[in-house]
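Student: Build the 3D model from these lines:
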Amino acid sequence: MFKLPQLRGPAWLALAATATSLAGCSKAVVLNPAGDVASQQGHMVVQATLLMLIIIVPVIALTLWFAWKYRQSNTANTEADYDPDWHHSTTLELVIWTVPLLIIIALGALTWIGTHKLDPYRPLDRISATKPLEAQATPLVVQVVAMDWKWLFFYPEQGIATVNELAAPVDRPILFKLTATSTMNSFYVADLAGMIYAMPGMQTELNAVINKPGVYPGIASHYSGSGFSGMTFKFHGLSQGDFEQWVAKAKTEGKALDKTTYLNLVKPSERDPVQRFASVEDGLYDKVLNRCVEEGKMCMHHMMTIDERGGEAYMKAMGLNLPQDVCTVDNAGQIVAALEARHATVYDRTLSRQ
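Tutor: All right, here's what the predicted structure looks like:
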């Protein structure tokens, strides 16, 4: 049997070799993504890491050197090397304070520029590092709804919808508009861009682009209950021709998505298969966003308009004698009709002035 000292060297070498081989097999998606926005975010991670290593590496190296040089068994040390009254060095103080300060300034500048340049609400100004955005390019709009526990994607331009499947043409800007049905969640395709939250009654946006064809995993990166682990989907980066075929397949094989179908779909379920819908009822996403898909339920934007203009007093001024609680199912239809009539009148007056 080998003794421990004999195995120590080979064991460390084997461990290092194993770690190296595993690192080589790993794709490291965050640092090597297929989309330009995610690629810029990955570069920021690398730049920040290198800046911090400027101080970390010398500190580790000097710690090891001090431990070796001043070890008890080092016979080269003499009494002359011992200086118990030493307490200050201007040069050392300058290095200790100046270098970290410069690193913090550099990190702050990097973060400031990157935060504005990679703002998820900011439209793209390029397709990739070598390909500018064409002046006539229009983004593909995808409306995303985070459910329990599945993803619903609306394609308003194409008139289709899908569940747990997302596709987009390569090198075309994508504008995601996101909301949720119940709990807050987070939409994340590592190859596409960073995480963006989806919240009930609110809409967030994410601008992104995919630069390489392929199939990329998408996940819910915020815990949302028992079905969280299965709330995944596939994102397909396709050529323009393949994307058109994908849309045509959805229109051929899918069914209609109306309010009734949606209300069945929104019920909590886990690990749902891919579903495709050939058509979508007009305004369905807006009703989902404003939480008024159910018949007779007042939409949030109507409710907020009432509150903004004075609440019950405003409604009575319009000739509607309502009970104390103006936000009930019974009077929602009456209020919405009055608001829409008033909006139509204001719109007509605006047109006549023009």
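Student: Only C-alpha atoms from now on, for both contacts and neighbour counts.
Tutor: Fine.
Student: helices or strands next to the longest helix seen in the chain in the packing?
Tutor: As assigned by DSSP state H, the longest helix anywhere in the chain is helix 36-69. For helix 36-69, the elements it packs on are helix 90-117, judged by 3 or more CA pairs under 8 Å, 6 or more residues apart in numbering; DSSP states H and E.
Student: helices or strands next to the helix it packs on in the packing?
Tutor: Going by 3+ CA pairs under 8 Å, 6+ apart, helix 90-117 lies up against helix 36-69.
Student: Could you check the angle the helix it packs on makes with helix 90-117?
Tutor: Between helix 36-69 and helix 90-117, the angle comes out at 160 degrees (axes from the mean of the first three to the mean of the last three CA atoms, to 10 degrees).
Student: From V209, how far out is the nearest residue to V46 once chain neighbours are set aside?
Tutor: In this structure, V46 finds its nearest non-sequential neighbour in L31, 7.9 Å apart by CA to CA, 6 or more residues apart in numbering. According to CA to CA, to the nearest Å, L31 stands 16 Å off from V209.
Student: These two: which is more packed in?
Tutor: V209 (28 against 18; other CA atoms under 10 Å).
Student: ok now do the more buried one, which residues does it touch?
Tutor: By CA atoms under 8 Å, 6 or more residues apart in numbering, V209 lies in contact with G35, D36, V37, I127, V170, D171, R172, P173, I174, L192.
Student: Widest-spaced pair of those?
Tutor: Longest distance between any two of the contacts of V209 is 13.4 Å, between V37 and V170; criterion CA to CA.
Student: Between the two, which is the more surrounded one?
Tutor: Taking neighbours as other CA under 10 Å, V37 and V170 compare with V37 leading, 26 against 21.
Student: The closest residue to that one other than its chain neighbours: neighbour count?
Tutor: In space, and not counting its chain neighbours, V37 is closest to A193: 5.4 Å by CA to CA, 6+ apart. By the criterion of other CA under 10 Å, A193 has 27 neighbours.
Student: Just confirm A193 is within a strand.
Tutor: No: counting by DSSP: H, G, I helix; E, B strand; the rest coil, A193 falls outside a strand, being coil.
Student: Please tell me the pLDDT value assigned to it.
Tutor: pLDDT, A193: 92.
Student: can you check G241 too?
Tutor: For G241, pLDDT reads 95.
Student: Same question for the one 10 residues further on.
Tutor: Here the pLDDT value assigned to K251 is 93.
Student: same question, S21
Tutor: 49.
Student: How about V274?
Tutor: Confidence score, pLDDT, at V274: 94.
Student: Tell me the secondary structure at S269.
Tutor: coil.
Student: Phi first, then psi, for it.
Tutor: phi -160, psi 160 (degrees, to the nearest 10).
Student: OK, contacts around it?
Tutor: S269 touches D148, W149, K150, G227, counting by CA under 8 Å, 6+ apart.
Student: Which members of these occur in helices, if any?
Tutor: Using DSSP H, no member of the contacts of S269 falls in helices.
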